[in-house]
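Chemist: Sharing a sequence plus its predicted fold:
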Amino acid sequence: MSVDLQTVKRVAHLARIAVTEDDAARMTGELNAILGFVEQLDEVDVSGVEPMTSVTPMKMRERQDEVTDGEKAADIVANAPATDANFFLVPKVVE
Amino acid sequence: MTELTKKTIAEARAGLRGKEFSATELTNAYLDAIDRANPSLNAYVAVTHDKARAMASASDAKLARGEGGVLEGIPLGIKDLFATEGVHTQAASHILDKFEPRYESTVTANLWADGAVMLGKLNMDEFAMGSSNETSFYGPVVNPWRRANGDNKQLVPGGSSGGSAAAVAGWLCAGATATDTGGSIRQPAAFTGTVGIKPTYGRCSRWGTVAFASSLDQAGPIARDVRDAAILLKSMASVDPKDTTSVDLPVPDYEAAIGRPIKGLKVGIPREYRVDGMPDEIEKLWSQGIAWLREAGAEIVDISLPHTKYALPAYYIVAPAEASSNLARYDGVRYGLRVPGKDIVDMYEKTRAEGFGREVKRRVMIGTYVLSAGYYDAYYLKAQKVRTLIKRDFEEAYASGIDVILTPATPSAAFGIADEDMAADPVKMYLNDIFTVTVNMAGLPGIAVPAGLDASGLPLALQLIGRPFEEETLFQTAAVIEQAAGRFEPTKWW
């Protein structure tokens, strides 16, 4: 399978990465090189093979459903580019 | 004081305990070395002079009282991927500009609890995506090694833990933390004549380590020799309730494995690692490694790992898919860079366009594509099935009685910075990980140990792959190779 310019632009938008025409043209070639490389997997017969979900045979550890952390609003927003009263500020979403 | 920086961790530990020198003297020697060398090598992206001196002073107080942990006063470099409280943590990316976490990663917290001293944060490929350390926002790291032909060409240290490997090889830290998703500890270790181990998935906590591909990422050390790597891994590894994939097994004393005889050990030699176009030098190095282990009493057994060639293509589906998901959090809202836009989506898109470098964008795009509607089964699901087959190959080898597998670590020695072939074709760069990536796909431990020099005088390494959680066998066997091969150091030019 290969991608065309329109597909690259669509994927860039899905990935929330702005691309210029030149970027998109360059990426089309690069992505096709990678997709061409992974095409070798078509040679492998995977019928009846389970997809890997965990590389170590272990059961996900569980814990009590209780609050163990918190009261750290100032720490959480400390690195944000724009905040107000411990809220993250974003451009207006709803008029 | 320069000779202090040449000591291994084991030697420095003995010197500190014997009061031959203080932690402050040792730390100052490293800080001086960094200040002199970093303009040439670019191994550090942040040097924490004050913090280092304060930690060393605290270590001196403990050592004076006859107290202190197993790494008391040992100065280390930390890959920029590990969250360090109040200190530069950017995964060498522009998008994490000025990020200083309010928390400490479990791995680094373990090291500080054992008394280690932080010298600063080490350069790396952006978000650990690369095999040459050229994708860093902070520019490439220069390998302390140069070819012996006198061309003085700058070589890459490998990646993504290029800063870690260069700093250890160039005597800018006693040891370093690193991470490995497809070979990012072992390949740079191989390119710099250092020892690097990627432990079994689940051995080191991933908590507080910037995520790249969560099902593959593992932390491990890069060190000057096998013993130092064992000392560091013992401290880095732990059982951590904050990481649900952390495995509940006690951490053994890895150092105790060094010196154990390997008589009777069954060493597997996988025929599929003899790839087309492999240089004669690599072939010779591998044969030499086999000879050394045989002389030490190991039994050499030819084995087959039939799905080896599919590991790299499967990796380039699984890793970008996980990365595209992990990197979705960099949106200009919670931390780091924000580029204003006409609305919120425009802000996201502009921020990510400016904040991510080319390689990161390439992988996020591939990941987004293979996970997108209509392609999930053809790519991602198929790759995860292939991964099951890759793991099964190893399980069958180990079930047949193989204790450890010996392979080359890389298909070549270090190459030049801005290599034209690599720049023109991303897949060519990816092939650097051809021998290491299988290990991540199967979650196994692997160690790269220096084994010789190529015709131009650059270091080459062998890789040992172990059974899950049998890192001790890797240290035991790697020590035999190290004993036979000797150690390798660059000639100082910086």
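Modeler: Okay, I see it. Numbers count the residues shown, from 1 in each chain, chains lettered A, B, ... in the order given.

Chemist: other SSEs contacting the longest helix seen in chain A?
Modeler: In chain A, ranked by residue count with DSSP state H as the criterion, the top helix is helix A:21-38. Other elements packing on helix A:21-38 under the criterion 3 or more C-beta pairs under 8 Å, 6 or more residues apart in numbering or on different chains; DSSP states H and E are helix A:5-14, helix B:311-326, helix B:358-371, helix B:426-430. No exception for glycine: its C-beta is placed from N, CA and C like everyone else's.

Chemist: Mind putting those into CSV with distance to residue B:198 and mean pLDDT?
Modeler: Putting the helices and strands packed on helix A:21-38 into CSV (distance: least, C-beta to C-beta, whole Å; pLDDT from 0 to 100) gives the following:
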stretch, distance to residue B:198, mean pLDDT
helix A:5-14, 31, 97
helix B:311-326, 14, 97
helix B:358-371, 20, 97
helix B:426-430, 18, 85
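
Chemist: export the ones you listed to a markdown table and tack on mean neighbour count?
Modeler: Below are those laid out as a markdown table (neighbours: other C-beta atoms under 10 Å in any protein chain shown):
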| stretch | mean neighbour count |
| --- | --- |
| helix A:5-14 | 17 |
| helix B:311-326 | 25 |
| helix B:358-371 | 24 |
| helix B:426-430 | 18 |
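
Chemist: Please see if stretch B:39-50 touches chain A.
Modeler: No. Shown here: stretch B:39-50 not in contact with chain A (C-beta under 8 Å from any C-beta of the partner chain), separated by at least 15.6 Å.

Chemist: Of the helices and strands packed on helix A:21-38, which is nearest residue B:72?
Modeler: helix B:311-326 (35.2 Å; C-beta to C-beta).

Chemist: helices or strands next to the closest one in the packing?
Modeler: helix A:21-38, helix B:358-371, helix B:382-399, helix B:437-442.

Chemist: Following element in sequence after that helix, please.
Modeler: helix B:344-355 (DSSP states H and E).

Chemist: avg pLDDT for that following helix?
Modeler: Here helix B:344-355 scores 98 as its mean pLDDT.

Chemist: could you give the angle of that helix to helix A:5-14?
Modeler: For helix B:344-355 against helix A:5-14, the angle by axes from the mean of the first three to the mean of the last three C-alpha atoms, to 10 degrees is 100 degrees.

Chemist: So which bits of helix B:344-355 are buried?
Modeler: Neighbour-count burial for helix B:344-355, counted by 16 or more other C-beta atoms under 10 Å in any protein chain shown, picks out B:347, B:348, B:349, B:350, B:351, B:352, B:353, B:355.

Chemist: thinking again about what came up before, name the stretch among the helices and strands packed on helix B:311-326 that sits most buried.
Modeler: Of all these, helix B:437-442 has the most neighbours on average by mean count of other C-beta atoms under 10 Å in any protein chain shown, namely a mean of 29.

Chemist: What segments of the stretch 101-250 of chain B are strands?
Modeler: For the stretch 101-250 of chain B, applying DSSP state E, counting those that start in this stretch gives strands covering B:117-122, B:175-180, B:195-198, B:218-223.

Chemist: Is the first one in proximity to chain A?
Modeler: Read it as strand B:117-122. No. If you take C-beta under 8 Å from any C-beta as the test, strand B:117-122 misses chain A, and the best it gets is 15.8 Å.

Chemist: Low-confidence stretches in chain A?
Modeler: Along chain A, the model assigns pLDDT under 70 to no residue.

Chemist: any idea which residue sits dead centre in it?
Modeler: Nearest residue to the geometric centre of chain A (C-alpha atoms, centre = their mean): residue A:15, 7.1 Å.
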